[in-house]
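1. sequence first, then the predicted structure:
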Amino acid sequence: MKKHPGLILALLIIMAVAALFFVLPTQKKPISYVNSLRQWRLGLDLVGGTHLVYEIDVSQIDSKDRDSVMNGLKDVIERRVNLFGVNEPQVVSAKEGGAYRLIVELAGIKDVQSAINQIGSTPLLDFREVMGAGTSTQFIATSLTGRYIKGARVDFDQTTGVPQVNLELNDDGAKIFEHLTAKNIGKPLAIFLDNELIEMPTVRERISGGKAQITGKFSVDQANMLVERFNAGALPAPIKLVSQQTIGASLGQESLKKAVYAGALGTLAVIIFMLAYYRKFGIFSAIALIIYIILTAAIFKLLITMTLAGIAGYILSIGMAVDANILIFERTKEEIKKGLLKVSAIEEGFRRAWPSIRDSNVSTIITSVILYEFTSSFVRGFALTLLIGVLISMFSAITVTRLLLRTFMKK
């Protein structure tokens with residue numbers, strides 16, 4: 001980087017310009033983020049929608065299986081919501097006292113009642129015979145459904161250590177399963193959850209006794225997910241809608257305009273301060289800040305669903321992005337006062353400022369991670385945008401500012 005700072009800086013500026021075109025809307029509307037090259041994914045508070053709370057009846061489920069059932073139900077509901085074209089549906093499991101709940105946020109959905117009806121039905125697990133192959137494959141329904149399954153769990157082969165899924169059926173299910181496997185030896189047996197194929201193991205032999213193993217090239221995560229889906233469709237865990245709240249988009253759009261205006265005004269104030277106080281150094285920090293804003297917005301657009309809380313985290317990170325430059329410039333000024341040439345003073349300023357920059361940002365990163373892991377809803381959105389913003393600000397402050405100084409401060 002020391003040998004070709006100008007070339008690297010040019011490539012970085014080209015990348016920032018491309019990111020700017022990606023971020024900006026294609027139509028000339030004040031806050032029309034949705035009409036961009038690739039739509040922004042906006043949260044419930046910005047585009048409106050429905051907030052649903054479901055209570056899960058786990059009274060008939062063994063305590064050791066409850067977490068698995070909750071994860072399976074969450075997965076099923078997420079897939080059901082996707083059928084309605086909801087961008088980035090938010091489905092969160094929660095436990096309040098002895099009650100298990102699923103919180104569902106449907107941003108921008110129009111057919112609310114249809115979604116409620118579909119989400120509220122208990123997942124259906126069933127086994128089907130497979131006829132034909134390739135494009136002519138047909139699945140023939142059988143009488144074996146999830147209500148005959150006691151439960152599923154992950155186990156490991158004692159010889160190879162490969163994970164496998166163990167199923168246990170009740171007495172009636174064992175008889176049906178024995179007849180079904182005897183009829184389909186050497187053939188695949190399809191397993192569906194909510195009419196979606198989740199696994200198609202091959203029957204090796206007639207299976208009696210109500211216990212079966214599903215083996216394959218599973219990772220541990222894949223085996224756990226399969227068990228969760230089995231338990232969600234097999235164990236009796238009715239879900240009941242206990243709260244429904246419709247949220248309009250008008251308030252969110254007005255708040256969005258105010259947030260964008262405040263962010264732009266705050267950024268301008270920061271730039272003016274840096275220019276007034278640090279003069280030429282301030283120009284470099286302003287350029288680095290603008291590049292930071294563009295690159296961060298592009299990453300947000302690619303990766304996350306933006307909410308008002310997320311925008312707040314983004315705006316906060318803009319203010320924090322200048323902190324590193326201030327530390328660097330103050331250290332550099334101290335070195336210049338000691339008699340070092342500007343180029344040497346700049347390098348020494350970066351070297352001496354780095355420990356403080358690192359420690360302050362690491363503490364913010366730790367806080368963001370804790371907020372994200374142990375909270376939910378809008379707090380997680382704030383924590384995620386703040387975390388991403390801090391990580392990118394370290395890059396812009398150290399890399400971009402250093403490239404600018406090395407390119408334009410050689411003499």
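-> Arrived safely.

2. ranges for the strands of the chain?
-> Assignment of strands within the chain using DSSP state E yields the ranges 49-56, 90-96, 99-107, 125-131, 138-145, 149-156, 163-169, 189-193, 196-199, 211-214, 239-247.

3. turn those strands into a markdown table, including mean neighbour count and distance to A16.
-> C-beta: built from backbone N, CA, C; applies to glycine. Shown next, in a markdown table, are these (neighbours: other CB atoms under 10 Å; distance: least, CB to CB, whole Å):
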| stretch | mean neighbour count | distance to A16 |
| --- | --- | --- |
| strand 49-56 | 21 | 33 |
| strand 90-96 | 15 | 31 |
| strand 99-107 | 21 | 30 |
| strand 125-131 | 19 | 50 |
| strand 138-145 | 15 | 52 |
| strand 149-156 | 18 | 47 |
| strand 163-169 | 19 | 45 |
| strand 189-193 | 21 | 45 |
| strand 196-199 | 14 | 42 |
| strand 211-214 | 16 | 50 |
| strand 239-247 | 13 | 35 |
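
4. okay if I get those as JSON lines plus mean pLDDT and distance to E228?
-> Listed next are the strands of the chain as JSON lines, based on pLDDT from 0 to 100; distance: least, CB to CB, whole Å:
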{"stretch": "strand 49-56", "mean pLDDT": "82", "distance to E228": "14"}
{"stretch": "strand 90-96", "mean pLDDT": "79", "distance to E228": "12"}
{"stretch": "strand 99-107", "mean pLDDT": "81", "distance to E228": "14"}
{"stretch": "strand 125-131", "mean pLDDT": "88", "distance to E228": "12"}
{"stretch": "strand 138-145", "mean pLDDT": "87", "distance to E228": "18"}
{"stretch": "strand 149-156", "mean pLDDT": "83", "distance to E228": "9"}
{"stretch": "strand 163-169", "mean pLDDT": "86", "distance to E228": "11"}
{"stretch": "strand 189-193", "mean pLDDT": "87", "distance to E228": "10"}
{"stretch": "strand 196-199", "mean pLDDT": "84", "distance to E228": "10"}
{"stretch": "strand 211-214", "mean pLDDT": "86", "distance to E228": "14"}
{"stretch": "strand 239-247", "mean pLDDT": "78", "distance to E228": "15"}
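
5. which of those strands sits closest to I346?
-> For those, the distance to I346 is smallest for strand 90-96, at 46.0 Å, taking CB to CB.

6. packing partners of that closest one?
-> Applying 3 or more CB pairs under 8 Å, 6 or more residues apart in numbering; DSSP states H and E, one finds that strand 90-96 contacts helix 66-82, strand 99-107.

7. which strands or helices does the longest one pack on?
-> The reference is to helix 66-82. Here helix 66-82 touches strand 49-56, strand 90-96, strand 99-107, helix 112-120, helix 220-234, going by 3+ CB pairs under 8 Å, 6+ apart.

8. between the ones you listed, which one is nearest to I198?
-> helix 220-234 (5.5 Å).

9. do a quick rundown of the helices in the stretch 201-350 of the chain.
-> 220-234, 250-278, 280-303, 308-337, 342-374 (DSSP state H, counting those that start in this stretch).

10. need the ones you listed in CSV (columns: mean neighbour count and distance to T137).
-> Formatted as CSV, the helices of the stretch 201-350 of the chain follow (neighbours: other CB under 10 Å; distance: least, CB to CB, whole Å):
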stretch, mean neighbour count, distance to T137
helix 220-234, 21, 21
helix 250-278, 14, 46
helix 280-303, 20, 37
helix 308-337, 20, 44
helix 342-374, 16, 43
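
11. I'm done for today, thanks for sticking with me.
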